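Participant: Let me see the structure of the following:
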Amino acid sequence: MIRESITANSNCCGVGSLNPPDNSQVTGQAATIIERTGCELWMHPDHEHMTKAAEDPDAAMERRIEIARMSGVPEAPLRAYQEARRGQGFGVAGIVQPDRDLLPGVEIQTDLGTFQVVETPGHAPSHVCLYQEDRRILISGDHLLGRVSLYYDYGYTPDPAGEFLDSLNKVEDLDMRLCLAGHARPFTDVQAHITANRVVVAERLDEFVRQRARAPPRERGRGSRRSPRRRARRAARRSRP
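Facilitator: Alright, predicted model coming up:
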């Protein structure tokens with residue numbers, strides 16, 4: 001978490017500003033750090049999916065189990081997981097509201113220069129990246145990783161895959177020479193990582209359409225009213241060739 005605090009101003013802490021607030025390994029100790037240092041918390045305003053879950057971890061666990069069940073995870077391992085996690089809480093030391101919203105237009109002054117906020121929803125509705133134009137550095141959080149590992153915080157927005165593809169377009173427009181990811185060594189082949197993510201998204205959408213077509217007719221009617229093929233095409237159009 002300390003690595004997320006990149007500002008030169010000792011009164012500002014960027015804890016949880018890059019990775020989504022729903023991720024307790026990023027924001028879990030924010031309250032402790034703020035208490036000990038007196039720093040501020042800057043975070044994207046779409047954080048209720050984390051703060052509400054932290055307020056009622058049992059309800060959050062039930063929701064996670066239900067999503068997993070709908071996604072095809074067998075019942076036995078689901079219940080074993082739920083029992084193992086019972087009473088463990090949500091991994092958050094305390095709920096803290098941000099002192100400032102991290103939105104486009106906000107600038108963060110550091111010894112390396114000024115970082116700009118780039119909204120990159122998809123992985124989570126609250127996700128942002130930070131971009132330093134002069135040095136061409138992108139702090140990508142969980143948006144671009146060292147390897148392709150897609151994860152959408154499903155259930156909070158109608159089209160997280162489409163949002164993720166839109167966010168890839170946003171970072172592609174930036175002039176980058178170095179990417180600092182949340183879970184990887186620094187890398188320079190940023191365009192290759194963007195392309196690889198698009199390929200995997202397209203493959204998964206195609207496979208979803210194929211599996212949906214094989215399902216019994218009554219199963220095909222569940223979920224979104226928009227047909228899966230239309231959703232796949234809509235998301236694919238957001239990805240540049």
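Participant: tell me the SS of Ile108?
Facilitator: Counting by DSSP: H, G, I helix; E, B strand; the rest coil, the backbone at Ile108 sits in strand.
Participant: count of neighbours near it?
Facilitator: Counted by other C-beta atoms under 10 Å, the residues lying close to Ile108 total 21. (C-beta placed from N, C-alpha, C; glycine too.)
Participant: Not counting its neighbours along the chain, what's nearest it?
Facilitator: Closest residue in space to Ile108, ignoring its immediate chain neighbours: Phe115 at 4.4 Å, by C-beta to C-beta, 6 or more residues apart in numbering.
Participant: Provide the secondary structure category for the one you found.
Facilitator: Classified using three-state DSSP, Phe115 is strand.
Participant: For beta bridges, what are the partners of it?
Facilitator: Beta-bridge partners for Phe115, by DSSP bridges, are Ile108, Gln132.
Participant: Tell me how far it lies from Leu138.
Facilitator: 10 Å (C-beta to C-beta, to the nearest Å).
Participant: and what of Glu55?
Facilitator: Relative to Leu138, and taking C-beta to C-beta, Glu55 is found at 33 Å.
Participant: Likewise for Tyr156?
Facilitator: 24 Å.
Participant: Quick check: mean pLDDT of stretch 130-143?
Facilitator: Averaging pLDDT along stretch 130-143 yields 94.
Participant: Who are the packing partners of the helix or strand harbouring His193?
Facilitator: Assigned by DSSP states H and E, His193 falls within helix 190-214. Contacts defined by 3 or more C-beta pairs under 8 Å, 6 or more residues apart in numbering; DSSP states H and E place helix 190-214 against helix 160-172, strand 178-181, helix 228-237.
Participant: rerun that using 7 Å as the cut-off
Facilitator: When contacts are defined as 3 or more C-beta pairs under 7 Å, 6 or more residues apart in numbering; DSSP states H and E, helix 190-214 packs onto helix 160-172, helix 228-237.
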